[in-house]
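Asker: Using only what follows, build the 3D model:
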Amino acid sequence: MSALPPRKPVPAPAGKETAIHGRRPDDAAWLAENAKAIAHQNRLVEDEGAFGDDLRSF
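Answerer: A predicted model of the protein is given here:
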């Protein structure tokens, strides 16, 4: 029986890098740009709870 050649690495599909390789370098920039919206969402969670109507969840 002959030995198989070594496998070549397969690149991850676009958008899947985070799950495989950790945070993308642009995450910090995205967080900075969206800090106001994130803070607003956090206030909704604190004020209304995780099941509030404003969050449209659960």
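Asker: which regions of this protein sit below the pLDDT cut-off?
Answerer: 1-2, 4, 10-25, 49-58 (pLDDT under 70).
Asker: all helices for it, in order.
Answerer: Using DSSP state H, the helices of the chain run over residues 17-21, 27-33, 35-48.
Asker: With mean neighbour count and distance to Pro6 added, can I get those helices in CSV?
Answerer: Just so you know, the C-beta spots here come from the backbone N, C-alpha and C atoms, and that holds for glycine as well. Formatted as CSV, the helices of the chain follow (neighbours: other CB atoms under 10 Å; distance: least, CB to CB, whole Å):
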stretch, mean neighbour count, distance to Pro6
helix 17-21, 10, 20
helix 27-33, 10, 33
helix 35-48, 11, 44
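Asker: need those in TSV with distance to Arg7, can you?
Answerer: As requested, these are exported to TSV (distance: least, CB to CB, whole Å):
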stretch	distance to Arg7
helix 17-21	16
helix 27-33	30
helix 35-48	41
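Asker: So for Ala3, which of those sits nearest?
Answerer: In terms of CB to CB, the element of the helices of the chain nearest to Ala3 is helix 17-21, at 27.9 Å.
Asker: ok, Pro9 to Val45 distance?
Answerer: Pro9 sits 40 Å away from Val45, going by CB to CB, to the nearest Å.
Asker: Go through the helices of the chain and name the closest to Pro5.
Answerer: Nearest to Pro5 among those is helix 17-21 (23.7 Å), distances taken as CB to CB.
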